[in-house]
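Colleague: here are the coordinates; sequence isn't available:
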């Protein structure tokens, strides 16, 4: 089953366009216990790829392997290969900090740095990377805040503490913060699950417009959201041994209308969640 | 007994809901009330008794106490300046030492030590706090003082501004302000570490992950995200350590030299408020005791002041994090 | 290739900025990592420096003190050095007896009241309770010599009892009281609300719920707090220095002057007789051992009860 899947993927990946990241047999384990495995798919450039599945299926664990956040966790082990523009991010000639400037992340709960202003939050990534030139910082701040659809409402109060913003605005600030480094890939871990419907909608609109600038990989447990905004879909499910695994990867259209695997169909029809 | 209006209204954390109209005041509630009243009484008595005993000195010799530089028993004059300057000098230097080492220590404990060893290391630092003051005193007196006399003091005296800071005594005393400051620093270190460790470790994990995801190095995360977020709480830890430093009695009594000279040269002997009370009380009577009680009032004000500031800061830190 | 939707900026300028960002990042990378490694090393060194005094101190204690410990040390009274017989013989039984007596009396005074007030604070929401809580925290950090002054003023002087064990116990009790209040309140607050609610749901009156359900559950936390308070009181010199009188007989009666371990150390340290000064290490070792055993017992008790509950 897995062989057939990878064959169809390789055939289809060329038709979806150039590849941003490639995953080959990626698995993550903690102190020997596998959390997610069997992940093989290609993330195409300038498209939104969503990781869907019920809770516990390993979606977030997989996402965090893509910017090496598991390096923080003692006992965590990532096997298989993850390639960014052809370079293995774990074993290749790429430092962790460099990787993270090219692959940004937005988290579930809005987490702007509380002691910093809006401006300082937006440019924090650049400052971490040693950039001090005011002209460059200003340019990156404006560009990223525009991309996050925040510029109009905050440009007059950039020095105000970030905690003054509403929840939805804070999340867009976090998106701007990640975008300021002009990454190639943006990872988003359930970015709207802590927000109200109006804010959620605005961020979904944002994600669609961001495609032209970055490749988006988003984890969501909201199926309808995945159907609305993503171009490609990876469906993960927890197996009997409590380890998540990739069941199917394909275009969103196919996953939701005519999936290959019956479990995928069950999930998208809401038969379990 | 006065009717103290106790409002036993419902509170999530404490008692389950019940209608205040049906509150039954049983003997249980009265017993608790009596206990509370007794505690209040003891506390008031604590402050009041010392203040009352010292009242004559404040009324008639208050100015002398605060500005006089010599303490002559048994009839006076009783000048408190040497004790005040000694307290401030030793406490501040001790604080500087404790914060310098303690900040790095708590950062290391929270971030760099593997979880398994963390408890052992933390317990070790807490055991440091459990060692009685008198034991630090004899350790300072018998072990550290001679070592300093041979190794450290000559080196310090060779510094360019030595005369100004250290005094260049050229002779060995039974104790010095510098020794007292160092021993004091070791004693308040665990206090500072305990609180700063707590404050640093509750900085939300996702702030740390967010900064790492932007390409920050470990130190950048600590310096630019963790420490600023914990800043208020760290000041709280500083003030608590300062409070503790001002109150340390026996160790300072043993190693500071016990001389009431109003000078600040570090290699000369000196004293602190608490140490002076401990050293002089035994042989004093009447007027001198009242003067020592007055010193006690000063000590109380200093210590309570720092304590309350610390408490306010730690509370503000907690509220800040609740908003994050 | 891609659908041009609403682009904020032309692609070209985006890449320019990106290139410059990457260039500067690459250029500064080595320095940033080096700074990080250095600071991490410095913090680790600080940790080591912090651990050194304790290790050093314990080493000295054991090295100098252990040889002095024998049966006679614990069971005989010290002799007073004279010019003819300048070497101290005997042990510190007076100090040991005194410390035990002081600890027992102080515990009787402080623990019941402290637990009572702790329970009060945990179960009451009022301005009075908040004020008492602040008072307890402030007093817990108060210099211990002030307790000695208080005991002198009140017990020795006003009550005309004079230098005695009861005066010293009073001072130590005032020292222990706020600590026990704070730890008891925490212990009671840590009892899950669900337990309380279950009791009330079964129809028990609130005060019965407190006594029969909450307190027994909080007991281990209360005991831990009491043990820690005792371990602190045992080591304090300043409060007892002023009021217990000292003495060289095995006194323990409440109204008699007594000795105590920390006092013995202090007196010996300041003594003019070298033989007395040399004896401090043995006594110090006994005191530190006593304090450590109490502290560690409290800690182990606390974690073990936690595990049982889990």
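Modeller: Sure thing, it's come through. Because the structure is predicted, anything quoted here is derived from the model rather than measured.
Colleague: where's residue A:131 relative to residue C:45, distance?
Modeller: For residue A:131, the distance to residue C:45 equals 31 Å [Cβ to Cβ, to the nearest Å]. For the C-beta atoms, the positions are set from N, CA and C on the backbone; glycine is no exception.
Colleague: so those two - more neighbours on which side?
Modeller: More neighbours surround residue A:131 than the other of residue A:131 and residue C:45, with 21 against 14 (other Cβ atoms under 10 Å in any protein chain shown).
Colleague: wait, isn't the more buried one in contact with residue C:25?
Modeller: Yes: under the criterion of Cβ atoms under 8 Å, residue A:131 makes contact with residue C:25 at 7.3 Å.
Colleague: what about the helices in the chain?
Modeller: With no chain named, the answer covers chain A. Along chain A, counting by DSSP state H, helices occupy A:2-16, A:59-65, A:96-102, A:118-128, A:134-147, A:151-154, A:167-179, A:197-210, A:223-229, A:252-257, A:262-268.
Colleague: my question was about chain B
Modeller: For chain B, applying DSSP H gives helices covering B:27-67, B:81-107, B:115-130, B:133-139, B:145-147, B:153-157, B:162-165, B:177-201, B:205-213, B:218-221, B:227-247, B:250-255, B:273-281, B:287-323.
Colleague: among these, which comes closest to residue A:93?
Modeller: Residue A:93 lies closest to helix B:205-213 among the helices of chain B, at 20.5 Å (Cβ to Cβ).
Colleague: what helices and strands are in contact with the closest one?
Modeller: strand A:103-106, helix A:167-179, helix B:218-221 (3 or more Cβ pairs under 8 Å, 6 or more residues apart in numbering or on different chains; DSSP states H and E).
Colleague: let me know the average pLDDT across the first one.
Modeller: Taken as a whole, strand A:103-106 has a mean pLDDT of 96.
Colleague: ok, it: who's next to it in the sheet?
Modeller: Within its sheet, and counting by DSSP bridges, strand A:103-106 is paired with strand A:185-189 (parallel).
Colleague: as a whole number, average confidence for the strand it pairs with?
Modeller: 96.
Colleague: same check on stretch B:196-214?
Modeller: Mean predicted confidence for stretch B:196-214 is 93.
Colleague: likewise for stretch B:137-150?
Modeller: 88.
Colleague: next one: stretch B:53-71
Modeller: In this model, stretch B:53-71 carries a mean pLDDT of 87.
Colleague: just how off-centre is that stretch within its chain?
Modeller: 25 Å (Cα atoms, centre = their mean, to the nearest Å).
Colleague: got it, and stretch A:23-32?
Modeller: 18 Å.
Colleague: neighbouring contacts of that stretch?
Modeller: Residues from elsewhere that reach stretch A:23-32, judged by Cβ atoms under 8 Å, 6 or more residues apart in numbering or on different chains: A:34-43, A:58, A:61-62, A:65, A:70, A:73, A:75-83.
Colleague: can I get the buried part of those as one PyMOL selection?
Modeller: In PyMOL, this line selects whichever of the contacts of stretch A:23-32 come out buried by 16 or more other Cβ atoms under 10 Å in any protein chain shown:
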select buried, chain A and resi 34+35+36+37+38+39+40+41+42+43+58+61+62+65+70+76+78+80+81+82+83
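Colleague: among the contacts of stretch A:23-32, which lie within strands?
Modeller: Assigned to strands by DSSP state E, the following of those qualify: A:34-43, A:76-83.
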